[in-house]
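Undergrad: I'll drop the sequence and a predicted model, then ask my questions.
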Amino acid sequence: MKTSNFLGFSAVILPALASALCASCYHDPPPPEVPGPTVAHPTAPPRAAEIAPADVKIVSSRSADSRIVSFRIAFATGSSDDPKDREGLTNLTADLMTDGGTESLTYAELSQRLFPMAASIVARVERDETVFEAQVTKASLESFVPILRDVLIAPRLDQAGFDRVRARETSSLVDDLRGGNDEALGKEALHALLYDSHPYGHPVVGTEHGLSSATLDDVRAHKKKVFCRERMVIGLAGGFPEGFDKRFSAELGTKVPACDAARAELPPFKSEHGVHVLIVDKPTADATAISIGFRTQLTRASADFPAVAFFTDYLGLHRQSAGVLYHQLRELRGLNYGDYAYSEFFQQEGGVSRFPLPNIVRREQLVSLWIRPVKPKNGIFALRGALDFYSRLLSGGIPKAEIERFREFLSRYIGLEQQTENRRLGYTMDDVAYGLKKPYLDTMRGGWSALDEASLKAATDRWLTVKDISIAIVAKDGEALAAALEKGDASPPTYDTPKPPSVLKDDAEIQKFSIGIDPKNVKVVPVADMFK
């Protein structure tokens with residue numbers, strides 16, 4: 001075991017179970033409730049068109065009856081563009097643009113102008129994409145556009161705003177991420193482990209050193225470098241007037257500066273070999289949060305993506321009881337609040353949504369399993385349980401009847417992801433970014449319609465693994481947890497209520513599941529040293 005007091009994790013957009021799985025392993029999950037038919041696209045689907053200047057791209061969807069106009073100004077820019085020793089600069093720059101006022105309006109004046117319009121302008125930065133998302137009522141559109149334009153091309157970027165926003169981002173890193181949100185910390189720890197010495201390795205919000213080192217001049221220079229024309233895609237949806245999309249994109253395109261260089265390439269893809277573990281030792285943690293994953297070159301542009309997504313949704317659809325992990329770990333055993341699996345990076349929209357944010361496209365992806373916090377005494381058992389059920393499903397495959405049952409549910413459920421004009425716009429922009437030949441919903445449903453046991457098993461065998469994975473755990477007594485994982489002794493669960501014999505029979509095997517951990521691949525890091 002390697003123990004470290006500090007981790008220096010450094011830092012696209014456009015270019016059920018088979019018969020081999022015994023009956024006692026999966027006990028008649030309730031069939032998911034199948035939503036009614038949904039309308040996945042507006043009457044006039046969004047379109048991608050070239051608007052002068054030639055390097056300005058626009059995706060638009062006009063709905064004359066809509067009372068709202070939605071904007072998504074996306075840039076092929078993210079935290080992967082942060083300079084060394086300035087980790088967090090992209091996020092800091094974007095937030096200062098939206099939360100620092102404009103050359104003609106202070107931040108307070110900007111807020112006062114937006115309020116009576118029922119309008120909003122927010123920035124969201126991810127590893128490879130930044131989107132400025134805005135909404136306004138159709139009646140206030142003409143008054144709103146100059147404000148949005150100035151936020152993008154003439155933000156105030158003054159010292160007072162910089163100091164305020166940087167203090168907020170530092171608090172978000174230190175107090176919120178490290179101090180208060182073990183679930184998010186576990187996910188970021190997984191990124192740090194998977195992407196050590198890689199531009200994806202630090203949180204979007206940055207590192208303590210990066211934020212403290214950043215200056216206002218850094219922000220001003222970074223804005224010109226990364227929020228530039230060739231990286232920009234303009235998205236518009238809703239009740240805007242005929243021709244407004246062309247006028248807006250032409251005006252914005254002439255004012256946003258041209259890029260002075262192409263964006264940097266990512267390092268060559270590297271897959272891990274063996275099991276790697278990072279334990280974030282957090283003395284105040286009252287539960288154990290677990291994130292599991294591995295890097296992959298599979299994206300929505302890959303022919304196998306619908307099949308792999310079908311498998312991971314069957315294993316653990318986000319915030320749904322339909323998944324194997326949810327049924328086994330939460331419903332039957334009561335270990336935690338939920339357990340999920342993802343075929344690509346997943347970021348939930350808002351606090352109560354079940355659906356992912358659009359416009360978080362990545363050039364490189366990860367497959368992950370999320371085990372929501374469990375009682376410390378059940379931490380190792382929960383980890384073993386998740387890997388055990390995943391391993392069984394991967395080796396045995398999903399039987400024909402389950403493929404047919406889940407396909408009907410999933411083919412309808414996925415339409416719920418695009419119920420609003422704004423979300424449909426975001427997904428269409430993602431289609432353009434990934435170069436899909438058909439819209440995402442059509443691509444997924446078409447891929448699922450052709451699935452059978454053999455093709456699904458072949459796809460998962462090509463892309464999924466249980467042997468070459470990374471595991472990030474947030475827990476107290478990290479050294480003791482590491483020693484227990486390395487020793488590999490049985491880890492029987494402790495339940496608050498009696499469990500049926502079938503569950504206990506399964507548990508006798510799960511508690512001995514071999515994770516395959518090599519002590520040299522285990523790191524324990526104090527929480528205070530994460531993202532320094």
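TA: Great, that's in hand.

Undergrad: So in the chain, which helix runs the longest?
TA: Ranked by residue count, the top helix of the chain under DSSP state H comes out as helix 379-396.

Undergrad: and that helix, what does it pack onto?
TA: In terms of contact count using 3 or more CB pairs under 8 Å, 6 or more residues apart in numbering; DSSP states H and E, helix 379-396 is assigned the packing partners strand 288-296, helix 305-316, helix 324-325, strand 365-374, strand 469-475, helix 478-487, helix 501-510. Placement of C-beta: from N, CA and C, glycine included.

Undergrad: If we use 6 Å, what do you get?
TA: Helix 379-396 makes packing contacts with strand 365-374, helix 501-510 when contacts are defined by 3 or more CB pairs under 6 Å, 6 or more residues apart in numbering; DSSP states H and E.

Undergrad: so how far is S60 from L366?
TA: From L366 over to S60 the distance is 32 Å, taken as CB to CB, to the nearest Å.

Undergrad: Okay, and Q135 sits in which element?
TA: Secondary structure assigned from DSSP states H and E places Q135 in strand 130-137.

Undergrad: And that strand, what's buried?
TA: Neighbour-count burial for strand 130-137 flags T130, V131, F132, E133, A134, Q135, V136 (criterion: 16 or more other CB atoms under 10 Å).

Undergrad: And for D260, the neighbour number?
TA: By other CB atoms under 10 Å, the residues close to D260 number 9.

Undergrad: Not counting residues beside it along the chain, what's closest to it?
TA: On the basis of CB to CB, 6 or more residues apart in numbering, the spatially nearest residue to D260 that is not a chain neighbour turns out to be K225, at 6.9 Å.

Undergrad: per-residue confidence for the one you found?
TA: If you check K225, the pLDDT there is 97.

Undergrad: try E272
TA: So, for E272, pLDDT stands at 86.

Undergrad: One more: F6?
TA: Listed pLDDT for F6 reads 30.

Undergrad: ditto for A74
TA: Among the per-residue scores, A74 shows a pLDDT of 98.

Undergrad: swap in S353?
TA: Per-residue pLDDT puts S353 at 85.

Undergrad: So which bits of the longest helix of the chain are buried?
TA: Using 16+ other CB under 10 Å as the test for burial, helix 379-396 gives 379-390, 392-394, 396.

Undergrad: Closest one of the buried residues of strand 130-137 to F244?
TA: When the buried residues of strand 130-137 are compared for distance to F244 (CB to CB), V136 wins out at 12.2 Å.

Undergrad: Using PDB, write out every CA atom in the helix or strand that the longest helix of the chain is followed by.
TA: Toward the C-terminus, helix 379-396 is succeeded by helix 400-413 as the next helix or strand (DSSP H and E). Included here for helix 400-413 are C-alpha records, laid out as PDB according to Å, rounded to 0.1, in the frame of the first residue of the first chain:
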ATOM      1  CA  LYS A 400     -34.100 -12.600 -24.300                       C
ATOM      2  CA  ALA A 401     -37.200 -12.000 -22.200                       C
ATOM      3  CA  GLU A 402     -35.500  -9.400 -20.100                       C
ATOM      4  CA  ILE A 403     -34.100  -7.600 -23.200                       C
ATOM      5  CA  GLU A 404     -37.600  -7.400 -24.700                       C
ATOM      6  CA  ARG A 405     -39.200  -6.300 -21.400                       C
ATOM      7  CA  PHE A 406     -36.600  -3.600 -20.700                       C
ATOM      8  CA  ARG A 407     -36.400  -2.400 -24.300                       C
ATOM      9  CA  GLU A 408     -40.100  -1.500 -24.300                       C
ATOM     10  CA  PHE A 409     -39.700   0.500 -21.100                       C
ATOM     11  CA  LEU A 410     -36.400   2.200 -22.000                       C
ATOM     12  CA  SER A 411     -37.600   3.100 -25.500                       C
ATOM     13  CA  ARG A 412     -40.400   5.100 -24.000                       C
ATOM     14  CA  TYR A 413     -38.600   6.400 -20.900                       C
END
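
Undergrad: Just want the angle from helix 400-413 to helix 305-316.
TA: For helix 400-413 against helix 305-316, the angle by axes from the mean of the first three to the mean of the last three CA atoms, to 10 degrees is 100 degrees.

Undergrad: count of residues packed around the residue lying closest to E364 once chain neighbours are set aside?
TA: Sequence neighbours aside, L266 is the residue nearest to E364 in space, at 6.0 Å (criterion: CB to CB, 6+ apart). Applying other CB under 10 Å, we find 17 residues neighbouring L266.
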